[in-house]
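Novice: Here's my sequence, what's the structure:
(one chain, ligands or ions: 1)
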Amino acid sequence: TCSIYLSRHGQSEYNSHGKIGGDSGLTPMGEAYAQKLAEFADRVITRDPENGEARPVRLWTSSLQRTKLTARHLKHDKVKTGGGKDWIQMAPRVLRNLDEIYAGVCDGMTYEEIRAAYPREYELRRQNKLSYRYPRGESYLDVIARLDPLVQELESYREDVLIVGHQGVLRLIYAYFAGLDRDEAATLSIPLNTVIKLTPRTHDCIEERVLLHD
Ligand code: G3H
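Specialist: From the prediction side, this is the model:
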């Protein structure tokens, strides 16, 4: 692949209440980010830096409302490719494997609520976040397993890809390409309102970050 652009969804209703999981929509701040992301994609991500011409870029979202809503202003016109084939710019590919880590019985709760209702679970997770599996939910190791085929696909692409995802899954994708340990991955912070551009090379990975704000 050439470059991989990682973006969390814009701020969701659940984010603003400190709740995990769910399938909520965007707050006004989240919607503003969706619009800025579309503007940034149109001006930068989809342009050849040398001649400003449109270049083909793939778009992946999860199956959850907040990533689809964040991606919905991205332009998807036809673009000519080198081989003369028509390319639909940013045609969204919706992938359930990109959905956020599922917290099972804790889905929709705040961390305080989890600590009060399931103190032992809370402590177990604190001790080993990578392998801890939520009751009836997932662990980060489970998520690594479902991301694996996607990472293989990413590595085979010759076009750039924009992934609009979630903090949990983007941590793992980031860690894979940046060459970080899995143990570090589970606690990495992937901030809102930020596009992270990763360009893997043979022995390392170039990283750039753009904060999209007013
Ligand atoms: O809903 C999941 C969060 O984005 C990641 O949370 O750091 O507790 O795994 P976590």
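
Novice: For the chain, list the residues in contact with the ligand, please.
Specialist: Within the chain, the positions near the ligand by Cβ under 6 Å from any ligand atom are 20-21, 100-101, 166-168. All C-beta atoms are positioned from the backbone trio N, CA, C, and that covers glycine.

Novice: mind exporting stretch 168-182 as CSV, just the C-alpha atoms?
Specialist: Written as CSV, here are the backbone C-alpha positions of stretch 168-182 (Å, rounded to 0.1, in the frame of the first residue of the first chain):
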residue,chain,number,x,y,z
GLY,A,168,-10.0,0.5,19.9
VAL,A,169,-9.6,-0.9,16.3
LEU,A,170,-7.4,2.0,15.1
ARG,A,171,-5.0,1.5,18.0
LEU,A,172,-4.4,-2.0,16.8
ILE,A,173,-4.0,-1.0,13.1
TYR,A,174,-1.7,1.8,14.1
ALA,A,175,0.4,-0.4,16.3
TYR,A,176,0.7,-3.0,13.5
PHE,A,177,2.0,-0.5,10.9
ALA,A,178,4.1,1.6,13.4
GLY,A,179,5.7,-1.6,14.7
LEU,A,180,4.6,-1.3,18.3
ASP,A,181,4.1,-4.1,20.7
ARG,A,182,0.6,-5.4,21.3
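
Novice: Narrow the residues of the chain next to the ligand to those in helices?
Specialist: 167-168 (DSSP state H).

Novice: The residues of the chain next to the ligand into TSV, with extra columns for pLDDT and distance to Arg133?
Specialist: As requested, these are exported to TSV (pLDDT from 0 to 100; distance: Cβ to Cβ, whole Å):
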residue	pLDDT	distance to Arg133
Ile20	98	15
Gly21	97	14
Glu100	98	15
Ile101	98	10
His166	98	18
Gln167	98	18
Gly168	98	13
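
Novice: In PyMOL, how would I select just the buried ones from the residues of the chain next to the ligand?
Specialist: For anyone working in PyMOL, the buried entries among the residues of the chain next to the ligand, judged by 16 or more other Cβ atoms under 10 Å, can be selected with:
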select buried, resi 20+21+100+101+166+167+168
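
Novice: Among the residues of the chain next to the ligand, which pair sits farthest apart?
Specialist: Of all pairs drawn from the residues of the chain next to the ligand, the widest gap by Cβ to Cβ lies between Gly21 and Gln167 and measures 11.5 Å.

Novice: Find residues that contact each of those two.
Specialist: Here Gly21 and Gln167 share the contacting residues Glu100, scored by Cβ atoms under 8 Å, 6 or more residues apart in numbering.

Novice: so how far is the ligand from the most far-flung residue of the chain relative to its centre?
Specialist: What lies farthest from the middle of the chain is Gly84; by Cα atoms, centre = their mean that is 30.6 Å. Gly84 sits 42 Å away from the ligand, going by Cβ to the nearest ligand atom, to the nearest Å.
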